[in-house]
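1. This is a predicted model, with the sequence first.
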Amino acid sequence: MESKPQICLVMKKLILLVFSVITFYTHAQTYYFPPNGSNTWDTVSPAQLGWCTQRIDSLYRMLADYKTKAFIVLKDGKIVMERYFGTFTADSSWYWASAGKTVTALLAGIARQEGKLNINDSVSKYLGAGWTNCPPEKERLITVRHQLTMTTGLNYNVADLDCKLPACLTYKADAGTQWYYHNAPYLLIQDVIASASGVTFQQFTSTRLNQKIGTGGIWFDGVFYSRPRAMARFGSLILNKGRWANDTLLRDTAYFKQMVNTSQSLNESYGYLWWLNGKSSYMLPGSTFKFTGKLLPNAPDDLIAALGKNDQKLYVVPSMNLVVVRMGESSDLSPVPVVLDTLIWKELNQIICSPSTDVRDVFEDAHVQLYPNPTTEKVYISGIQAHEIQFITITDMQGRVVYNAQKGVTEIDMSDVQGNTTQSVYFMHISTARGVLHRKLVLSKQAGL
C-alpha cells in the first residue's frame with residue numbers, strides 16, 4: 001500500500017498534468033489560424049493591444065530607408081501590422097534565402113517522424129558513398145544531424161560554398177568538431193530527404209507543409225520563394241510547436257525541442273538551422289570566432305529566428321505570442337545578421353511599450369568611429385579604449401572573414417586584408433564586453449576618395 005506522501009506526490013503530478021493540458025487547449029482555442037486557400041485573415045489594431053502607436057510611423061520610415069518590401073507582425077495569430085513598400089504587394093513573391101533553411105529543418109523532422117529518416121545515420125546511407133572527396137572513413141562520420149547543425153567538418157576554404165559536387169567537399173576536421181556556416185552540406189539535406197522519402201523535395205514540401213497550412217511556396221535552386229503571408233503562416237506553425245489549427249504536422253516533440261534549442265557545444269546560438277537568442281555566446285556566418293553575449297541584445301531571450309541573405313527575417317517569440325516577418329533587399333548595413341535586427345527591435349520595443357530585455361544597443365554608440373574612412377592604407381578606431389576591445393573581425397560584402405585581430409588593437413594596416421582590391425567595402429565587427437559594434441569601412445587605393 002502506498003504511503004500518504006507518495007499519494008500526495010502522485011496527486012500533485014496529476015494536477016500539473018491537467019493544468020498543462022488545459023493551458024495547451026486554451027491557447028489552441030485563442031490562437032488564430034487563417035483559413036487555407038483564402039486571403040481572409042483576422043486583424044487586431046495596435047491600439048486595441050495597448051501599444052504605443054505613435055512610434056509606428058518611425059518604424060515604417062526606418063524599414064523603407066533600408067529597402068524593405070514587406071513587413072508583418074502577428075499577435076496571437078492576428079495581423080497587427082502589415083505594410084508593403086514600393087510596387088511590392090501582398091500577392092508578390094520573394095525569396096527566403098537562408099531563412100528557408102528552417103523549412104528544411106521542419107521537413108527533416110517530419111521525415112524522421114514518418115520513419116523515413118534517421119538523423120543519426122551517416123549521410124552516405126542516403127546519398128551513397130563518394131558524395132564528398134573526403135577519405136571514406138571521414139565521410140562516414142558525417143551524419144544528417146551534422147548537416148542540420150553546421151558541424152560537418154567539411155573544408156570551407158573553397159571558391160564556392162554552394163558547390164555540392166564531391167570535388168568541392170573536402171575534409172578539414174572530423175564531423176562534430178567544427179562549426180561553420182557552410183551552405184553546400186545544408187543544400188544536400190534536401191537531397192537526403194528526397195532520397196529517404198522517394199519523392200522530390202518539392203513534392204515532400206507540398207504534401208507535408210504547403211497543403212496543410214496554405215503556404216504555397218516553391219523551391220528553386222534550393223531557395224524557397226513565397227508570398228510574405230506564407231512566411232507568417234510558417235511562423236505561426238513554429239510558434240505552436242508544429243501544430244496548425246486542429247492538425248499537428250510535427251508530433252515528434254523531442255525533435256522539435258532539439259530543433260529550437262542549442263544543438264551542439266560549439267555555437268550556443270544555433271539549433272537545427274534555427275538561430276537562437278538569449279545565449280551567452282554566438283558565432284556568425286563567415287566566421288570561426290565566438291562572440292560573447294546574446295545574438296540580438298535588445299530582443300526577447302526566447303526569440304528564435306530564421307535569418308537569410310539580404311536581411312530576410314522571421315522572428316518567433318513564444319513569450320509574447322509574436323511572429324514578425326521582414327522581406328526585402330539588403331539593407332547594406334552589414335552582410336551578417338544582427339545589425340538590422342537591432343534597429344527593428346529597437347522600434348518594436350517602443351511600439352509594444354515593452355522595455356528591452358537587455359538595452360546594450362551598442363550599434364547606436366556614435367562615439368566609436370573609424371578614421372580615415374575611406375582609407376588608403378591604415379585605419380584607426382576612436383572613441384573606445386584599447387583595453388575594451390576583445391577582438392576585431394573584418395568581413396567582405398559576402399560575409400567572408402578577411403581579417404582577425406586580437407585584443408587591444410586600435411590601429412589596423414589594411415594591406416593585411418585578404419583579397420585587397422582597388423576599392424572595396426568591408427564591415428568591421430568590434431567585440432567588447434558590452435556587445436559587438438558594426439561599422440562600414442571603405443578601402444580605396446585612390447587618394448582623395
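-> The structure has been received and is ready for your questions. Residues are numbered from 1 along each chain as shown.

2. Now do the buried residues in stretch 191-207.
-> Across stretch 191-207, burial judged by 16 or more other C-beta atoms under 10 Å covers 191, 192, 193, 194, 195, 196, 197, 201, 204, 205, 206. Placement of C-beta: from N, CA and C, glycine included.

3. and which of those is nearest residue 298?
-> Set against residue 298, the nearest of the buried residues of stretch 191-207 by C-beta to C-beta is residue 205 (33.9 Å).

4. is it true that the closest one touches residue 219?
-> Yes - between residue 205 and residue 219 a contact is recorded at 6.6 Å, counting by C-beta atoms under 8 Å.

5. which among the buried residues of stretch 191-207 gets closest to residue 224?
-> When the buried residues of stretch 191-207 are compared for distance to residue 224 (C-beta to C-beta), residue 205 wins out at 8.1 Å.

6. Pull the distance from the helix or strand that contains the closest one to the chain's centre.
-> Secondary structure from DSSP states H and E places residue 205 in helix 201-205. Chain-centre distance of helix 201-205: 22 Å, with C-alpha atoms, centre = their mean, to the nearest Å.

7. That one packs against which elements?
-> helix 101-113, helix 183-197, strand 218-220 (3 or more C-beta pairs under 8 Å, 6 or more residues apart in numbering; DSSP states H and E).

8. For the protein, just list every one of the helices.
-> For the chain, the helices defined by DSSP state H cover 4-30, 56-65, 101-113, 124-127, 136-139, 144-149, 183-197, 201-205, 211-213, 228-239, 253-259, 339-351.

9. for residue 223, what are its contacts?
-> 95, 96, 97, 100 (C-beta atoms under 8 Å, 6 or more residues apart in numbering).

10. Let me know the pLDDT of the third one.
-> As predicted, residue 97 sits at a pLDDT of 97.

11. ok, now the last one?
-> The predicted local confidence for residue 100 comes out at a pLDDT of 98.

12. Can you redo the buried residues of stretch 191-207 as TSV, where the extra columns are distance to residue 213?
-> Below are the buried residues of stretch 191-207 laid out as TSV (distance: C-beta to C-beta, whole Å):
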residue	distance to residue 213
191	24
192	23
193	18
194	21
195	25
196	22
197	19
201	17
204	15
205	11
206	12
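
13. and which of those residues is nearest residue 64?
-> residue 205 (32.1 Å).

14. In contact with the closest one: list those residues for me.
-> 103, 107, 217, 219.

15. Got the domain ranges for this protein?
-> Using automatic domain parsing, the domain parsing of the chain gives 95-351, 365-444.

16. looking at those domains, which has the lowest confidence?
-> Minimum mean pLDDT among those: domain 365-444, a mean of 79.

17. related to what we said a few turns ago, and among the helices and strands packed on helix 201-205, the most buried is which?
-> helix 101-113 (a mean of 24; mean count of other C-beta atoms under 10 Å).

18. Nearest to residue 266 among the helices of the chain would be which one?
-> Smallest distance to residue 266 across the helices of the chain (C-beta to C-beta): 8.4 Å, for helix 144-149.

19. Packing partners of the closest one?
-> helix 101-113, helix 183-197.

20. And the closest residue to residue 58 other than its chain neighbours, how far from residue 331?
-> Leaving aside its sequence neighbours, residue 58 sits nearest to residue 347 (C-beta to C-beta, 6 or more residues apart in numbering; 6.1 Å). From residue 347 across to residue 331, the span is 14 Å (C-beta to C-beta, to the nearest Å).

21. is it true that residue 140 touches residue 127?
-> No - between residue 140 and residue 127 there is no contact, the gap being 11.8 Å when judged by C-beta under 8 Å.

22. The two: which is more packed in?
-> Comparing residue 140 with residue 127 by other C-beta atoms under 10 Å, the one with more neighbours is residue 127, at 18 against 15.

23. Enumerate every residue touching the more buried one.
-> By C-beta under 8 Å, 6+ apart, the contact set of residue 127 is 188, 191, 192, 195.

24. just to revisit the earlier point, would you turn the contacts of residue 205 into JSON lines with distance to residue 254?
-> Formatted as JSON lines, the contacts of residue 205 follow (distance: C-beta to C-beta, whole Å):
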{"residue": "103", "distance to residue 254": "20"}
{"residue": "107", "distance to residue 254": "17"}
{"residue": "217", "distance to residue 254": "27"}
{"residue": "219", "distance to residue 254": "27"}
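
25. Report the two of those separated the most.
-> That would be 107 and 217, which, of the contacts of residue 205, are the farthest apart (C-beta to C-beta) at 11.8 Å.

26. just the contacts of residue 205 now: which is nearest residue 287?
-> Among the contacts of residue 205, and counting by C-beta to C-beta, the member closest to residue 287 is residue 103, at 24.7 Å.

27. OK, contacts around the closest one?
-> Residue 103 neighbours (C-beta under 8 Å, 6+ apart): 96, 205, 209, 217, 224, 234.

28. any idea which of those is closest to residue 34?
-> Nearest member of these to residue 34, counting by C-beta to C-beta, is residue 234, at 12.2 Å.

29. Can you give me the pLDDT of residue 15?
-> In this model, residue 15 carries a pLDDT of 50.
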